[in-house]
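Q: Dropping a prediction and its sequence here:
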Amino acid sequence: MIVRGVIYSLYALLTLPVICVIGASLTAGDFLSFPPDGLSLRWYSAFFADRELMRGAWISLAIAAATTAATVAIGVPAALFLESDPPWRRLIGSLFLSPLNIPLVLTGFAMLVLFTRLNLVNATGLFIGHVVVTVPYMVRTILSSLALTDPALPRAAAIFGAGPFRIFRHVTLPLLKPGLISGCVFVFLASLNNVALSVFIASPGSSPLPVVIFSRMDSVASPSIAAGATLLILFTAGCVFAFERRYSLLGPLTGGRI
Amino acid sequence: MISRRSPIRTIRRALIGLPMAILLSVFFFYPLTDILVMAFQPENGDGFTLTNLSRFTDNYYLGVFLDTIVISAAATILSIILGFPLAWHLHHATSAHKRAFWALVTLTPLMLSLVVSSFAWILILGSNGLVVPVIRTLGIDVTSGLLNSKTAVVIVTISSFISYMILNIYSALQNIDPSIVRAARIHGASPTTAFFRIILPLSTPGIVSGSAIVFAMSMSAFVIPFLIGGGRVKVIGLFVYNFTVQLYDWSGGAALGLLLFLLTIAATWAIAVVGDRLTPWHRRGT
């Protein structure tokens, strides 16, 4: 009984931050507090009226969408390449996944130095940075779903005379679909919620939502920040609930050992 | 299977890996090499110097290194202690439905932006948050709240990274052959003995890999110390961030970043070695 109580309170602790942010955003008072001081949606209208926060939200969504598309275009071929058993597979594989093993504070710093020189400290730089740090998740997910597929199927298609593009379009791609979707959702959310890399590359005009929240937190934070954070949580949760049922989101985190 | 690899096919295959190779070379390996070189160059000039690195060897910075290690170690050890019961619960879920639900709860911290979870903990630990009034009724003076302390940074670090620990321990538990536990029970081991002699040793690979991830992430963390520590908690990641973004002292940032990286690699290597020693099937050979 005691053990059970401890476990459920630990689970409760894991969700406590979410509850607090949502609660604080619903306050009717003028200051951030939890439990909220009365209930109202006024801070949501304050959020939608706040141009900086709204621009941040749109930039975040645009960068996340572009990052997802780019990781598919780059990561899927990269995974297929690794799966084709090239020479030095292990070495190339670990190089492809290495952005996951370098601390983001170093990656962010290195990109700041490069992008300052290339004059890319803007939304384009953010997009490139997000692609670099999220594409390994895509490679990993695709690799783990390739490992689960039967290698005889594309070979059978080849024997029956299908060319490489037909095989990819009608055999490999359908087999990859679940992994591809979970990879996309994961990359999209990782980009949407990223702050550690973004704070290095973002400029005042092109700050994504998490960076705007980050920069406004050291001053007197208004509850509209909590409203923004809540919208970020709800959007993320919506994506997860929509896809988790059918496509596991654990794959990108645990799968695809090189 | 006979491998028939014509050179043309090999080259054509290599082409599909090319975009990734170019992307990482230009925007990842090149800039990283660049700051590595920067760490050994005098400011505004060519040549080779160790002064960038040696300025971080005084007592002040040794204290910063020590604090970073203490905070990361505390976060890692507490993540093991708090994470194990949850991984255990997940492992013993009675139905696939329940397991999926609790797995989703376990993953919540990973789906939160670091900035959002820090923000939440500021609300919880701040002077008019949830915890302070409770402590005040106990008669302890906490007028300034619980923020801006190493303890607060450790708490938020655990709450943000514990999911990695739970996932790793969970997958280690899933890999334990249940018949071993059953055999131990048949031979008269009590459930406690079976846990400490069989399950715990066999789950060390998960604990070790989880620890390596949590420790490495805590070592280089700067968002949480920045937002939760309020300038009073000094860790290496925060200095790297300040050097680069606020002071524009790139040589200093590069040198400190390099030291951070080497320290993290050494620590994860040490965790792996200790873990190997604790894993039963490795000990058997020696």
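A: Thanks, I have the structure now. Numbers count the residues shown, from 1 in each chain, chains lettered A, B, ... in the order given.

Q: Now the closest residue to chain A within the stretch 151-286 of chain B: closest residue in space, sequence neighbours ignored.
A: Going by CB to the nearest CB, chain A is nearest to residue B:220 of the stretch 151-286 of chain B, at 3.2 Å. In this view, the C-beta of every residue, glycine as well, is placed from N, C-alpha and C. Leaving aside its sequence neighbours, residue B:220 sits nearest to residue A:103 (CB to CB, 6 or more residues apart in numbering or on different chains; 3.2 Å).

Q: pLDDT at the one you found, what is it?
A: Here, the pLDDT recorded for residue A:103 equals 92.

Q: who touches it in this structure?
A: Counting by CB atoms under 8 Å, 6 or more residues apart in numbering or on different chains, residue A:103 touches B:216, B:219-220, B:237, B:257, B:260-261, B:264.

Q: Going along the chain, name the helices of the stretch 101-250 of chain A.
A: Secondary structure of the stretch 101-250 of chain A, counting by DSSP state H, counting those that start in this stretch: helices at A:104-118, A:123-148, A:152-159, A:164-167, A:173-193, A:198-201, A:209-217, A:223-244.

Q: And the contacts of the third one?
A: Meaning helix A:152-159. Residues from elsewhere that reach helix A:152-159 (CB under 8 Å, 6+ apart): A:166-167, A:170-172, A:175.

Q: picking up where we left off before, may I have the phi/psi pair for the residue of the stretch 151-286 of chain B closest to chain A?
A: Dihedral angles of residue B:220 (phi, psi; degrees, to the nearest 10) stand at phi -100, psi 10.

Q: What is the neighbour count of it?
A: 24 (other CB atoms under 10 Å in any protein chain shown).

Q: Quick check: it touching residue A:109?
A: No - counting by CB atoms under 8 Å, residue B:220 sits too far from residue A:109 to count as a contact (10.9 Å).

Q: For chain B, state which of the contacts of helix A:152-159 is nearest.
A: residue A:172 (11.9 Å).

Q: Can you tell me which of the helices of the stretch 101-250 of chain A is most buried?
A: helix A:198-201 (a mean of 26; mean count of other CB atoms under 10 Å in any protein chain shown).

Q: Who are the packing partners of that helix?
A: Under the contact definition 3 or more CB pairs under 8 Å, 6 or more residues apart in numbering or on different chains; DSSP states H and E, helix A:198-201 sits against helix A:104-118, helix A:123-148, helix A:209-217.

Q: Could you pull up the residues touching residue B:76?
A: Residue B:76 neighbours (CB under 8 Å, 6+ apart): B:211, B:214-215, B:218.

Q: Swap in 10 Å and give it another go.
A: Contacts of residue B:76 were listed using CB atoms under 10 Å, 6 or more residues apart in numbering or on different chains, and they are B:154, B:157-158, B:161, B:165, B:207, B:210-219, B:267, B:271.

Q: And these, which of them are buried?
A: Buried positions within the contacts of residue B:76, assessed by neighbour count (16 or more other CB atoms under 10 Å in any protein chain shown), are B:154, B:157-158, B:161, B:165, B:207, B:210-219, B:267, B:271.

Q: before we move on, back to that, overlap in contacts, residue B:220 and residue A:109.
A: A:103, B:240, B:257.

Q: for those residues, which one is nearest residue A:31?
A: Nearest to residue A:31 among the shared contacts of residue B:220 and residue A:109 is residue B:240, at 33.7 Å by CB to CB.

Q: most centrally placed residue in chain A?
A: A centroid search over chain A (CA atoms, centre = their mean) returns residue A:190, at 1.5 Å, as the residue closest to the centre.

Q: And that one, how far from residue A:135?
A: Relative to residue A:135, residue A:190 is positioned 10 Å away (CB to CB, to the nearest Å).

Q: before we move on, what about residue A:56?
A: Following CB to CB, the distance that separates residue A:56 from residue A:135 is 24 Å.

Q: Quick one: low-confidence residue ranges for the chain.
A: Assuming you mean chain A. Within chain A, the segments meeting pLDDT under 70 span A:218-220, A:244-258.

Q: actually chain B
A: Those would be B:1-7, B:141-145, B:280-286, if you go by pLDDT under 70 across chain B.

Q: for it, which helix is longest?
A: helix B:59-91 (DSSP state H).

Q: and the next element down the chain from it?
A: Counting by DSSP states H and E, the next helix or strand C-terminal to helix B:59-91 is helix B:96-111.

Q: So which elements touch that following helix?
A: helix A:2-25, helix A:173-193, helix A:223-244, helix B:59-91, helix B:114-125, helix B:150-174 (3 or more CB pairs under 10 Å, 6 or more residues apart in numbering or on different chains; DSSP states H and E).

Q: and the angle from the second one to helix A:152-159?
A: Pointing back at helix A:173-193 there. Comparing the axes of helix A:173-193 and helix A:152-159 via axes from the mean of the first three to the mean of the last three CA atoms, to 10 degrees yields an angle of 130 degrees.

Q: ditto for the first one
A: Here helix A:2-25 runs at 70 degrees with respect to helix A:152-159, directions being taken by the same axes, to 10 degrees.

Q: Buried ones in helix A:2-25, by neighbour count?
A: Quick answer for helix A:2-25 (16+ other CB under 10 Å): A:7, A:10-11, A:13-14, A:16-18, A:20-25.

Q: Equivalent analysis for the shortest one, please.
A: By neighbour count with 16+ other CB under 10 Å, helix B:114-125 contains the buried residues B:114-125.

Q: Intersect the residues you listed with the contacts of chain A.
A: B:114-124 (CB under 10 Å from any CB of the partner chain).

Q: Nearest to residue A:195 among those residues?
A: Nearest member of these to residue A:195, counting by CB to CB, is residue B:115, at 4.5 Å.

Q: quick one: that closest one and residue B:226, what's the gap?
A: 10 Å.

Q: swap in residue B:162?
A: In this view, residue B:162 and residue B:226 are 20 Å apart by CB to CB.
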